[in-house]
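Asker: kindly return the folded structure for what I paste below:
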Amino acid sequence: MANYTRLRYDVTKIPVAELVREVMAVDDLEGLAASDAPATRETDQSTPYHRRFYDSFDVVAPVYRKLAQELLGQETERLYLQRVPTFRVHLRNSLAVGDWHRDRDFGHDPSEVNYWVPLTRAYGNNTVWIENEPVHAEYGEVIVFDGANSWHGNVVNDTGISRVSMDFRTLPRDRYRPNAKKSVSFGMPFLLGEYWDII
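Answerer: Numbers count the residues shown, from 1 in each chain. Modelled structure (predicted):
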């Protein structure tokens, strides 16, 4: 059985999905068009939607930081935050992450904690799976789990909707060690001011 914690936040005060819809210039994130073929690890971050999100991250950043502060509370003083969250688009007939994995296998510190933030309904085969269990969640919920050490991934989305989400990691400041390895998603070294930031 997967081990995770479910948190909630007020989407009227922290309207992440509304902002992402504006950045994407779409009315409905769940209605994003189906894919022609499943994504791979090399292509799962290369859709036009990803480019729009990352190109417009300055617009999203203040709401992202507000969300992180809301979720982490007083813990912010002892943690580093992933500076730019990872954006995921799980289109119908495709994958949001090309390979099942543990983050530590890609250079992440084993003491990191993952925060998965669905911006649409997440259920069935359009959601993240943690240790072979699909995690159902709604917009306004956040799933906190040990992505560094737990197997996680997804399967081909055969539901009627596309799932959009973002995720980020935290690292205890006392566990930080400069690490020149680069993240798979961004090619960014795991360094303070690059991958990591002060909250």
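
Asker: biggest helix in the protein by residues?
Answerer: The longest helix of the chain (DSSP state H) is helix 57-72.

Asker: other SSEs contacting that one?
Answerer: Under the contact definition 3 or more C-beta pairs under 8 Å, 6 or more residues apart in numbering; DSSP states H and E, helix 57-72 sits against helix 16-24, strand 79-82, strand 113-118, strand 163-172. The C-beta positions use only the backbone N, C-alpha and C, and glycine is treated the same way.

Asker: mind putting the ones you listed in JSON lines, mean neighbour count and mean pLDDT included?
Answerer: Output for these, formatted as JSON lines (neighbours: other C-beta atoms under 10 Å; pLDDT from 0 to 100):
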{"stretch": "helix 16-24", "mean neighbour count": "18", "mean pLDDT": "96"}
{"stretch": "strand 79-82", "mean neighbour count": "22", "mean pLDDT": "98"}
{"stretch": "strand 113-118", "mean neighbour count": "24", "mean pLDDT": "98"}
{"stretch": "strand 163-172", "mean neighbour count": "23", "mean pLDDT": "97"}
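
Asker: got these as TSV, with distance to W196 columns?
Answerer: Below are the helices and strands packed on helix 57-72 laid out as TSV (distance: least, C-beta to C-beta, whole Å):
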stretch	distance to W196
helix 16-24	21
strand 79-82	4
strand 113-118	13
strand 163-172	6
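
Asker: so which of those is nearest M188?
Answerer: Nearest to M188 among those is strand 79-82 (9.6 Å), distances taken as C-beta to C-beta.

Asker: centre of the chain to that closest one, how far?
Answerer: 14 Å (C-alpha atoms, centre = their mean, to the nearest Å).

Asker: what of stretch 93-106?
Answerer: In terms of C-alpha atoms, centre = their mean, the gap separating the centre of stretch 93-106 from the centre of its chain is 12 Å.

Asker: go through that stretch and flag the buried ones.
Answerer: Residues of stretch 93-106 classed as buried: S94, L95, A96, V97, G98, H101, R102, D103, R104 (neighbour count, 16 or more other C-beta atoms under 10 Å).

Asker: restricting to C-alpha, output that stretch in PDB.
Answerer: What follows is stretch 93-106, C-alpha atoms only, in PDB (Å, rounded to 0.1, in the frame of the first residue of the first chain):
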ATOM      1  CA  ASN A  93      -3.500   8.300 -24.800                       C
ATOM      2  CA  SER A  94      -0.200   9.300 -23.300                       C
ATOM      3  CA  LEU A  95       2.100   9.400 -20.200                       C
ATOM      4  CA  ALA A  96       3.100  12.300 -17.900                       C
ATOM      5  CA  VAL A  97       6.400  10.600 -16.900                       C
ATOM      6  CA  GLY A  98       8.100   8.400 -19.400                       C
ATOM      7  CA  ASP A  99       9.600   5.900 -16.900                       C
ATOM      8  CA  TRP A 100       8.700   4.500 -13.500                       C
ATOM      9  CA  HIS A 101      11.400   5.600 -11.100                       C
ATOM     10  CA  ARG A 102      12.600   6.600  -7.700                       C
ATOM     11  CA  ASP A 103      14.000  10.200  -7.800                       C
ATOM     12  CA  ARG A 104      17.200   9.100  -6.000                       C
ATOM     13  CA  ASP A 105      18.100   7.100  -9.100                       C
ATOM     14  CA  PHE A 106      18.400  10.500 -11.000                       C
END
